[in-house]
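> generate a structure from the sequence data that follows.
(chains A and B)
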Amino acid sequence: MQKPASRLLWDFFTSLKLTIVCLAALMVLVVANTLAQVSLGTFGAVEVFMRTWLVWWHVPGTSYSVPVFPGGALVGLVLMVNLVAAQLRRLELSWRKAGLWITHAGLILLFVGEFVTGMFQVETQLAIEEGQTLNYVEAPRDLELAVVDHTDPARDEVWSIPASRLLRGGRIQLPGSPVAIVVHRAYRNSALSNRRPGDPPSPATAGVGLGVTVRELPAVSRDDEMNSGAALVEPVAGGHGYGTWLVSNALGAPQSFVHEGHTYELRMRNLRQYLPYSITLKDFRHDVYPGTDIPKNFSSLVRLDNPATGESRDVLIYMNQPLRYQGKAFYQASFGKNDTLSVLQVVQNPGWLLPYISTALVTIGLLVHFAIVLQRSLRRRQASPAAAVEAT
Amino acid sequence: MKTARHAAWIAGALALAAAASPLLPRGTVRGFDLAGFGRLPALEGGRVKPIDSVARNTLLMIRGQQSLPYQGRTLGATEWLLDVLFRPEVADLQNVFRIDDPDVLGMMGMQQTSFRYFSFDHLKPHLAEIQQQAQAAHPVDAKLRSRFQSAVVNLFDRVYLYYRLRNTVQLAGSAGLAAEIPARAAPEAAERQQALIQLAVFRPLLPLAGARADAFRSTGEALVAARAAAPDPALESWARVGLAWSAQDPVPFNAAVGQLTAAAQASRPEAIRQADHEWIFNRAQPFYAGMVIYVLALLALFASWAWKRELLQPVAFGLLVAGAVVHTVGLVSRVVLQGRPPVTNLYSSAVFVGWGAVVLGVILERLYRRGFGTAVATVSGFASLIVAHHLTGDGDTMEMMRAVLDSNFWLATHVVTITIGYAGTFLAGIIAIGWTLRKHLARAVDPTGDKAMGSMVYGVVAFSLFFSFLGTVLGGIWADQSWGRFWGWDPKENGALLIVLWNAIILHARWGGYAQERGIMTMAIFGNVITSLSWFGVNMLGVGLHSYGFMDKAFWALSMFIASQLLLMGLALAPRRFWKGRAAAGTPAGTDRRASETA
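Purely as a prediction, here's the structure:
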């Protein structure tokens, strides 16, 4: 007798075999992800294996990629559906199974938390020197082309074009200004070098780009590597082109052009996110154990000023003690410049509490379940004490 | 029955007495109060420890052992250290540098023979070459170095440590500290004082009154401070220790050590108490004693299978408990000495994994009383202490915690629970190995025994799932607290997750009836592979935030272990006709299996 398709689907999604297959697939992904970190870096490996529906394999020598394995997101989703469906179908609602109900609810929440994190978590950095006051955080992996109008001495006007937009090319009008940026070419990663005789003619017609040769490089994702993005852009205003400029985060020198009395600076830099409050680094400490270079303590004493709320207070950020403020958490992450520069990791994750709740649920659930099982087995043991003694 | 119980108590008590015997006072060595010298507090690696520990750890780093044979007798670490400090001309003749690499030997024009240990004098003509080769290899990433490059860097590091040690209290080849004190204000002394400050491996002089407890000073610093003032009396006592040792005169040596001890008692009683505790711990070597007792317990158990089972099995259990007591005392002493939860590095995790497995094994034995618990507990206790022993080569096993790990709360929760998870998963694997070996070796068929082992594995896997899960997510919470990421797919996190997933698979496969007794046992053995990879393997990748335990030598050991586990899995899966107990079974294949599966 043929089962209806819906019944087959229901059987499929509630089967315990599916659970085991998913867990095994997850193990394969975790192993592959871990090994790939040696070459791709943690971030890159997670993108390839975990935060994806399918794992793609690039066929060597062609431009085709074929899916070879379900990705972490797909496996996680199937596992979650399986968990919910099996729960509804198989586990009866009874006190005997209370532990498993709580455990599985906690696990579902854990998966939800990981999805929320994958979708909504934003990681930025605040690299700040002692005495400096900053009101923005920077994305360590994403770049932007900032066009800054310095004309007003009291405040700068900033237009930001994300590097991802530059890569699409075309013409970008800066809102509220006569200037548009025409992108001639953009590089995700590049190597810049001083022009040598024999290099092809520079496509740049203005600025430092005249003396620089750009070579395209494959993009990198390892934690210890940085992309140096570059772009050849032409500011256009009032029907007049201001030449083709080379911009890159690897270039230090400021470049600007003047249009109708306004000085516009062109600068490629880490993508900034401005904050409605400012942070001043008052003191950074890096202590070591005497006679060693083992770090004993890192801490940043910062001043938090928020004009909107009138807050102005000192905060000490140190290991395992972040500052959580307005949905962002600031963690002590790194340091530099002879211990005068402090790097704070800034994380915004609306789902940060979910893992805490799910952990508590799973722990309680497992404890309840194992307590019930133990109680049953002890009762059985008491019922037949002879069996236990006989066994010796 | 009664005799058996008495025998168990007697065996356990004897083992404990033997383990405690090194604590009896041993008197002097050739008239020198070496124990008194070894108990003096010093600061090294950022913490206060007895000089005995400094000597043991540095000798361990240089030679791989805590003592050495010299002129027909065994030289203890403290005595060796005294020679290095005050009689370098003698110490330079002692064979302390172990060199195994044929290329490094070849570089020095030596052939590889059974003679593996070389003295500083042997190496002297080649120091420039060793340094040059090490400097050339240094920029290469540690993971990518060739065997020769690793070996030469390693040799250079040891030679340099030895060189620094020679110049810690007084400069080797100078007239000594006794001559340095009166000349401390001379202009040309400044350079020597700076050298002493730069090179000192440990700081022997107690903090000044009012200074912080870890503000120990090197002799160089004390000389600089005394340029325009009276010298510290402790500096003069150290000078007398040096003079007496180089003259090999015990009477002034013991007197100067007595002065140093009395001064420390008066000014820093807590430092001398701390150093004393550690000195006792060093002398007792509880983990070594525990290892020996576990082996004895295992031997008693083996013997019980052949002879007088009703007597020897309790004896084995008594020994196991004695071993567990010694193991526990060692573990607790480390916790007290360090002021930290039990697991702070790879070494202590091995000690703790073994301890957890032993305690679980003791509980299993009390529950089932079949000797299986004793067997797996002794094997895991012994194996883990052996592993721990091989992880001591980096020197101090109680080093200070890096800032990011410096949180007793998280060390006590995340690290301890995850390590209990390791212990449980290993224990389940070892029970499964026992099951496999029994199938292949034991002639008698014993369905109740199989059933008992099956339920042991089930219980232990469930236990491990709980602890590995809890440990993993607690790690996530710690990560969220310190880096803002609950889960960052860091290799160590992934390793922990693999253990959780695998234990979950085993339990679900059992609940679903997809794996029977044999399948569960095979899977439990594979749990050993996963746990060893997660414990040690991921550290070898050298990526991520947990690369605190990077090591290269262990790679082959790990590979061999995994190969052995895969072989055992093959044995577990071998068809029934390969089993020894088959002929005597007389039951149709499958009955006993079904019987045990109903458990």
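> ok, residue B:561 - how many residues close by?
18 (other CB atoms under 10 Å in any protein chain shown). For every residue, glycine as well, the C-beta is placed using N, CA and C.
> so residue A:235, which state does it fall into?
Judged by DSSP: H, G, I helix; E, B strand; the rest coil, the three-state class of residue A:235 is strand.
> I figured it hits residue A:181, correct?
Yes - between residue A:235 and residue A:181 there is a contact under CB atoms under 8 Å: 5.8 Å.
> and those two? which has more neighbours close in?
Shown here are residue A:235 and residue A:181; by other CB under 10 Å, residue A:181 has more neighbours (25 against 22).
> for the more buried one, list each beta-bridge partner.
residue A:172, residue A:235 (DSSP bridges).
> and it, what's its pLDDT?
At residue A:181, the pLDDT value in this model is 91.
> dump the residue contacts of the one residue in the stretch 451-599 of chain B that gets nearest to chain A.
Scanning the stretch 451-599 of chain B for the residue nearest chain A gives residue B:484, at 3.4 Å (criterion: CB to the nearest CB). Residue B:484 is in contact with A:123, A:322, A:329, A:331, A:345-347, A:349, counting by CB atoms under 8 Å, 6 or more residues apart in numbering or on different chains.
> cool, residue A:45 as well?
Per CB under 8 Å, 6+ apart, neighbours of residue A:45: A:33-34, A:36-37, B:489.
> secondary structure class for it?
Strictly by three-state DSSP, residue A:45 counts as helix.
> once you drop chain neighbours, what's closest to it?
residue A:36 (4.1 Å; CB to CB, 6 or more residues apart in numbering or on different chains).
> pretty sure that neighbour sits in a helix.
Yes - judged by three-state DSSP, residue A:36 forms part of a helix.
> isn't it right up against residue A:49?
Yes - using CB under 8 Å, residue A:36 is in contact with residue A:49, at 6.7 Å.
> who has more neighbours out of those two?
The neighbour comparison of residue A:36 against residue A:49 (other CB under 10 Å) goes to residue A:49, with 24 against 16.
> and that one, what does it touch?
A:29, A:32-33, A:36, A:55, A:71-72.
> which residue is the nearest non-sequential neighbour of the residue in the stretch 201-350 of chain B that chain A sits nearest to?
Here the stretch 201-350 of chain B gets closest to chain A at one residue, residue B:214, 5.3 Å apart by CB to the nearest CB. Distances taken as CB to CB, 6+ apart place residue A:290 nearest to residue B:214, at 5.3 Å, with adjacent residues excluded.
> wait, what's in contact with that neighbour?
Contacts of residue A:290 (CB under 8 Å, 6+ apart): B:43, B:46, B:203, B:214-216.
> then residue B:197?
Contacts of residue B:197 by CB under 8 Å, 6+ apart are B:218, B:220-221, B:224.
> with the residues you listed in mind, which one is nearest to residue B:323?
Comparing the contacts of residue B:197 against residue B:323 with CB to CB picks out residue B:218 as the nearest, at 41.7 Å.
> surely that closest one meets residue B:168?
Yes - if you go by CB under 8 Å, residue B:218 and residue B:168 touch, sitting 7.4 Å apart.
> shared neighbours, these two?
Going by CB under 8 Å, 6+ apart, residues that sit against residue B:218 and also against residue B:168 are B:196, B:200, B:204.
> the first one: how many residues sit nearby?
When you say that, I think you mean residue B:196. 24.
> for the second one, same thing?
The number of residues packed around residue B:200, counting by other CB under 10 Å, is 22.
> quick check: it vs residue A:32, distance?
48 Å (CB to CB, to the nearest Å).
> point me to the residue of the stretch 251-392 of chain A nearest chain B.
For the stretch 251-392 of chain A, CB to the nearest CB, closest residue to chain B: residue A:289, 2.5 Å.
> need the pLDDT of that residue.
So, for residue A:289, pLDDT stands at 82.
> same deal with residue B:460?
Looking at residue B:460, the pLDDT reads 92.
> in the stretch 301-450 of chain B, which spans are helices?
Here the stretch 301-450 of chain B has its helices, by DSSP state H, counting those that start in this stretch, at B:309-338, B:346-368, B:372-390, B:408-410, B:416-441, B:447-483.
> over to the stretch 51-200 of chain B?
Under DSSP H, counting those that start in this stretch, the stretch 51-200 of chain B gives helices at B:51-63, B:77-86, B:88-91, B:102-107, B:120-123, B:127-137, B:147-166, B:177-180, B:189-199.
> residue A:131: which of the ones you listed is closest?
Going by CB to CB, the one of those nearest residue A:131 is helix B:189-199, 32.2 Å.
> interface residues of the stretch 1-150 of chain B facing chain A?
B:43-47 (CB under 8 Å from any CB of the partner chain).
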